[in-house]
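Peer 1: this one's sequence-less:
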């Protein structure tokens, strides 16, 4: 049997060789100079004008710049623009570009590239997810008609009188235009380069130009790994010498393990894992305007048309306890539409400094809730109500205690729980008619309370709430400025809350674990994008 | 032989068509439209639908789809990577998945053969128990659980293998996915090899060979290994399927840029054009493998040519 | 001279056989073979152990949830993430509710019970992130998983076995058509079918069972067909056929008893895969709806918490392993016994 044993050892040997073969590619994978940055999912596009989700925006941010930008102190400062002026009626905004702007292919960056970008967003053929920003949020002249194909793209209210001047014509004044324009989708798009790509624009690293801090050198659609190198034509000049590796890791715990073994330098901390990093000095906490709320369908369910029923729902959720014990990771109770530290009034005060201002309408109070509930049921002439509660299955940890509290505190309430995949859940939020109540999470696009009010306008069909008085006031607010406008914004908020048009729940921070040697991570005040310009990793 | 082959190929193609039809019909029941963006107005959604041809009747959509498929055009993605041709999504991913699947198959087969032979030769109690536990675990525990376990132990605690796929070292960084996927292959092949090898060892011709004084190494290679390998071919098809499905979660976990991860993403985003295309690719792959195996059988075993499928 | 003697039969030549009949040996009768199989099955220690494990698990699934003073669904948001504490072990310093947490800044040991001032309550398996009792939940989950297992068994028997037997027994065109259908269903990866289905239907027990109905029975039908093909050509079946027995008689009386062993083995093997299917669906986020629980959802929960609270994984993982091992041991025992 000697030979038999030989055979076996041979077999084991082959197995070992296989192991070594698979293990032999072991090179120095951890180039310590490169910044390894976690993305929680793949970007759906890197075409700046098509960007509609936060991950894509984050990726695109690495290689684009905008007219105005947030710096690492969260201040809005000129980016590609040198300055801007607004006409006296507020309807014409003129941006003056900096000198010697260049694309990463060394060609000059001109005002016409901005015209191209804006026209692409408006063009229905682009199918841009950002189109609502110019049709609803800042109403650029003719944008609405262009978006449904009634007018050609060239009619859009943007123009470039010379190479360094970019003009936007609005249908209504837009007090927050610079904050809006800092979104990545408003970064320029080289017309010449776009045409030369003939349809394959932004499908790979070769078909993308950069005007930001980095140049993309490895990308494929839905990539799980993206690689970028410093851009030597960056308008701020570039002292960055090392590249960036964007790595998609969907599972928070997996990301944490990668961070601890040194594979990732920056990770986002969510959920209970926050406990692990609680008193770590590497933890960076940014307050944001990211919120959870219950959006209500005002049109289909009879019970929800009743004000007392809505009030009862609003007052029977113990936000404090859920935020502290279940969501953790820096979420706190939110009892008004606008979160704290989001919008500063003209008088320098925080718009929502007093979080208890609307306690009567939204505060947790089971007996008041029960009163409203029985009153509401009596008005409806019934003793029970059934509601469909829709939420994203990834957020069931937040939804479950809410559902339980609603059912426990309101006798006769029956909730039908419907957890959905993320995208389907988003779709229901947008349609506004396939739920009774939905757990929605929102990040406003720009720094202005109206970014959180638009869903109540009844025009976007978002949750089918319609109130003429509210819409009138809203339109009025757009043409005003300063303290007068702030006053009206407060009125708008109180209308929403008095009417329990929606139920605010929580406001959250963003938490990141940042490895040694990495500095300058910052998040824009809304929390919708990160600030790239100061982000560095020191060579160790 | 030629006639049998022709019949087999015709059957395979018709199965492929039926699958296409089923997939397409199944997709019609998917909730909602693919335009998930929160802030699109109704007119915008309507114009998007028109441009994708989704406003046409189902039958028209189906025949359009088949026509495109015949031209090798799998359509475009709706939501996960809007407007990107699915073929271009697959081009770079398919080789990655195939490489990992293939390596897991080879690694698992070698390990299984080795283990099976060891268990067949050394019939000591300890080896038997260890072998039983290993194969039991390998067969019963789904690969994604191994993946989680390995990523926690080998990746996190011991820091031997990287927990993420990295294009800068594709081989080394796919060690853990390969390991996790190959365990079930190892278990199945191991069990088959052991029972076959045990039978062969007891068989008359091996006894005869032994009595004629043939070298044991020759016996092992010439008779035992060879005869044990034949049934292994039969299990290959089902192994391949389990590898493919296993890759769904594993690729997602280790951030491998393959088609499994793509499918999982597509499923959770309701991107049904991608799901249809990938299900079709998966099914086609399976059917092709079955066909090849049948042909192999046909070559190996002449009886099949006359009778039909081996049972 | 030889005489031609004519033999006259005598009475003694035709003595009828003795009244008492010789007992048939056990291998010669059908019932005998069953008894024999049982004997051979129970002769194997591992098989008996498997059976005991399964019986125990079933018992726990029935009574387990009621052994706890908490309902499996009771949320107590002020008692979240409590690690296990066991009454008399706690005084010995084991499982006393303290937990080591490996924070990124270093490991610390905390005792949530003391922090929250809970003295009267003992959670043997701890509580989850909504303060629900994991003990009640673990066994509730086991119950759900066993119900799925039961459904899988019924589906295997009703659809898979019948399909295979009909296909194998009647043969010819019937067989060809039925096998093509199987080819088609079998060529679509199961998990694709299931995930698609779960998107169309509401996630929940019903959908999981429908998913099993669509594809869970294929292996079973293949095996029963192969078995029928083998048995159908045996002499005794041929004999029954020539004697003009009905199809029903042949299938149920002649064929079925002889393939039961293989079929039961297959059922035992299909139980873990049904349970894991549920676990997989939970893992992808398409499993049981919120509020209810199953081994799958709890396992997924446990895995996503390994870094922080490893105690959440242990009870469910143990139950899962036991269930799996039990089924496999029984299957193996049956396989051996029927050979």
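Peer 2: Yes, it's here. The shown structure was predicted, so the numbers you read here are calculated from the model rather than taken from an experiment. Numbering: from 1, shown residues only, chains lettered A, B, ... in the order given.

Peer 1: surely residue B:248 touches residue B:264?
Peer 2: Yes - with contact defined as Cβ atoms under 8 Å, residue B:248 counts as touching residue B:264 (5.3 Å). Heads up, the C-betas are built off the backbone N, CA and C, glycines and all.

Peer 1: these two: who's more crowded?
Peer 2: The neighbour count for residue B:248 versus residue B:264, taken as other Cβ atoms under 10 Å in any protein chain shown, is higher for residue B:248 (27 against 22).

Peer 1: okay, and for chain B, where does confidence drop off?
Peer 2: Counting by pLDDT under 70, the ranges of chain B that qualify are B:1, B:26-45, B:48-55, B:82, B:226-232, B:234, B:237-238, B:241, B:270, B:297-311.

Peer 1: show me where it has helices.
Peer 2: B:2-28, B:42-52, B:58-70, B:86-121, B:125-140, B:143-150, B:170-173, B:175-202, B:204-211, B:216-219, B:226-253, B:259-268, B:272-300, B:302-307 (DSSP state H).

Peer 1: of these, flag the one that's most buried.
Peer 2: Mean neighbours per residue, mean count of other Cβ atoms under 10 Å in any protein chain shown, is largest over the helices of chain B for helix B:259-268, with a mean of 27.

Peer 1: now the angle from that one to helix B:175-202?
Peer 2: 120 degrees (axes from the mean of the first three to the mean of the last three Cα atoms, to 10 degrees).

Peer 1: helix B:259-268 and chain A, are they touching?
Peer 2: Yes - residues of helix B:259-268 contacting chain A under Cβ under 8 Å from any Cβ of the partner chain: B:261-262, B:265, B:267-268.

Peer 1: please parse the chain into its domains.
Peer 2: Let's take chain A. In the domain annotation for chain A, the residue ranges read A:35-250+A:515-537, A:288-509 (automatic domain parsing).

Peer 1: try again with chain C
Peer 2: Per automatic domain parsing, the structural domains of chain C span C:53-70+C:130-338, C:83-116.

Peer 1: does the last one reach chain A?
Peer 2: Yes - using Cβ under 8 Å from any Cβ, domain C:83-116 reaches chain A at C:101-105.

Peer 1: out of those residues, name the ones that lie in strands.
Peer 2: Taking DSSP state E, the ones among the residues of domain C:83-116 next to chain A that sit in strands are C:101-103.

Peer 1: ok, the residue nearest to residue B:92 when sequence neighbours are not counted - contacts?
Peer 2: Leaving aside its sequence neighbours, residue B:92 sits nearest to residue A:220 (Cβ to Cβ, 6 or more residues apart in numbering or on different chains; 5.2 Å). By Cβ atoms under 8 Å, 6 or more residues apart in numbering or on different chains, the residues touching residue A:220 are A:204, B:89, B:92, B:257.

Peer 1: can you list the weak-confidence ranges in chain A?
Peer 2: Within chain A, the stretches with pLDDT under 70 are A:1-32, A:423, A:431, A:458-464, A:539-540.

Peer 1: same question for the stretch 151-300 of chain C.
Peer 2: C:187-192, C:195-196, C:198-200, C:202-203, C:284-287, C:289-291.

Peer 1: could I get the full set of helices for it?
Peer 2: Along the stretch 151-300 of chain C, the segments classed as helices by DSSP state H, counting those that start in this stretch run C:162-170, C:172-187, C:190-200, C:205-215, C:218-232, C:235-242, C:247-249, C:256-284, C:295-303.

Peer 1: by contact count, what packs against the shortest one?
Peer 2: I take that to be helix C:247-249. In terms of contacts (3 or more Cβ pairs under 8 Å, 6 or more residues apart in numbering or on different chains; DSSP states H and E), helix C:247-249 is packed against no helix or strand at all.

Peer 1: quick one: residue B:79 from chain C, how far?
Peer 2: 14 Å (Cβ to the nearest Cβ, to the nearest Å).

Peer 1: what is the burial count for that residue?
Peer 2: When neighbours are counted by other Cβ under 10 Å, residue B:79 registers 23.

Peer 1: now it: phi and psi?
Peer 2: Phi and psi for residue B:79, reported as degrees, to the nearest 10, are phi -120, psi -30.

Peer 1: I figured it hits residue A:52, correct?
Peer 2: No - the pair residue B:79 / residue A:52 is not scored as a contact, 10.2 Å apart, by Cβ under 8 Å.

Peer 1: I'd say residue C:75 and residue C:131 touch.
Peer 2: Yes - Residue C:75 lies in contact with residue C:131 (Cβ under 8 Å); the separation is 5.5 Å.

Peer 1: neighbour-wise, which of those two wins?
Peer 2: Comparing residue C:75 with residue C:131 by neighbour count (other Cβ under 10 Å), the higher total belongs to residue C:75, at 23 against 20.

Peer 1: can you classify the more buried one as helix, strand or coil?
Peer 2: Following DSSP: H, G, I helix; E, B strand; the rest coil, the label given to residue C:75 is coil.

Peer 1: for residue A:439, see how far away it is.
Peer 2: Between residue C:75 and residue A:439 the computed distance is 17 Å (Cβ to Cβ, to the nearest Å).

Peer 1: what does stretch C:153-167 contact?
Peer 2: C:174-175, C:178-179, C:182, C:209, C:212-213, C:216-228, C:251, C:255-256, C:263, C:266-267, C:270-271.

Peer 1: switch to 7 Å and redo it
Peer 2: Stretch C:153-167 is contacted by residues C:174-175, C:178-179, C:212-213, C:216-217, C:220-225, C:228, C:251, C:263, C:267, C:270-271 when judged by Cβ atoms under 7 Å, 6 or more residues apart in numbering or on different chains.

Peer 1: in that stretch, which residues are buried?
Peer 2: Within stretch C:153-167, the residues that qualify as buried are C:153, C:155-157, C:159-161, C:163-167, counting by 16 or more other Cβ atoms under 10 Å in any protein chain shown.

Peer 1: could you tell me how far that stretch lies from the centre of the chain?
Peer 2: From the chain centre to the centre of stretch C:153-167 is a distance of 16 Å (Cα atoms, centre = their mean, to the nearest Å).

Peer 1: what about it, start to end distance?
Peer 2: Stretch C:153-167 has an end-to-end distance of 20 Å (criterion: Cα to Cα, to the nearest Å).

Peer 1: over to stretch A:33-51?
Peer 2: Distance between the two ends of stretch A:33-51: 29 Å, counting by Cα to Cα.

Peer 1: what does stretch A:197-211 give?
Peer 2: End-to-end distance of stretch A:197-211 (Cα to Cα): 17 Å.

Peer 1: quick one: is it near chain B?
Peer 2: Yes - interface with chain B: stretch A:197-211 contributes residue A:203 (Cβ under 7 Å from any Cβ of the partner chain).

Peer 1: buried sites along that stretch?
Peer 2: For stretch A:197-211, by 16+ other Cβ under 10 Å, it's A:197, A:201-205, A:207-211.

Peer 1: same check, this time on stretch A:477-494
Peer 2: If you call a residue buried by 16+ other Cβ under 10 Å, then stretch A:477-494 has these buried ones: A:477-478, A:480, A:485-486, A:488-493.
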